[in-house]
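# From the sequence below, what's the structure:
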Amino acid sequence: MTENTEKKNPIRLLIGKVGLDGHTRGVQYVAHIFRDAGYEVIYPGLRKSPKQIVKMAIEEDVKAIGLSFLSGAHIPLISEIMDLLKDKKAEDILVFCGGVIPDDDILILKKMGVREVFTPGTSDKIIIEKVTALFADSSDEEK
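Residues are numbered from 1 along each chain as shown. The predicted structure follows:
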């Protein structure tokens, strides 16, 4: 597994659930694999609003928001989160998501600005590698 090499200052992620979806298995698993890979994970629990997620992400100074969906409400919830990040001038916070997301919706989410979408069965190794690569890509863009 690829590890976050910034041990002194680990990359901070907010891993969460928005909306009324109460399924926790996937989001808790993902929070654990990032923690085990050396990331600092903020997990605010269930049933957060997009406003709560964005507010917490800004206050906690995270580099990314990872969201888990099983409810089918991913498009309107992600749309609101992306709008809030833009309104708060926090578009530098990367967004990725996972869960039960139809293939046709993945392109829609990416057009909204979601950087990666992980569907059921994606290995922990791939999730960590792809998200770690996002941070490398965003560092290159800043230069």
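# The longest helix along the chain - what's its average pLDDT?
Criterion DSSP state H: the longest helix present in the chain is helix 124-142. Mean pLDDT, helix 124-142: 84.
# and what of stretch 64-83?
94.
# export that stretch as PDB, just CAs?
Extracted in PDB, the C-alpha atoms of stretch 64-83 (Å, rounded to 0.1, in the frame of the first residue of the first chain):
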ATOM      1  CA  ALA A  64      -9.600  16.800   0.500                       C
ATOM      2  CA  ILE A  65     -13.200  15.700   1.200                       C
ATOM      3  CA  GLY A  66     -14.100  12.100   0.600                       C
ATOM      4  CA  LEU A  67     -17.700  11.200   0.600                       C
ATOM      5  CA  SER A  68     -19.600   7.900   0.600                       C
ATOM      6  CA  PHE A  69     -23.000   7.400  -1.000                       C
ATOM      7  CA  LEU A  70     -25.500   4.600  -1.000                       C
ATOM      8  CA  SER A  71     -28.700   6.700  -1.100                       C
ATOM      9  CA  GLY A  72     -28.700   7.600  -4.800                       C
ATOM     10  CA  ALA A  73     -28.600  11.300  -3.900                       C
ATOM     11  CA  HIS A  74     -24.900  11.800  -4.900                       C
ATOM     12  CA  ILE A  75     -25.500  14.300  -7.800                       C
ATOM     13  CA  PRO A  76     -27.600  16.900  -5.900                       C
ATOM     14  CA  LEU A  77     -25.500  16.600  -2.800                       C
ATOM     15  CA  ILE A  78     -22.100  16.800  -4.600                       C
ATOM     16  CA  SER A  79     -23.500  19.700  -6.700                       C
ATOM     17  CA  GLU A  80     -24.300  21.600  -3.500                       C
ATOM     18  CA  ILE A  81     -20.900  20.900  -2.000                       C
ATOM     19  CA  MET A  82     -19.100  22.000  -5.100                       C
ATOM     20  CA  ASP A  83     -21.100  25.300  -5.200                       C
END
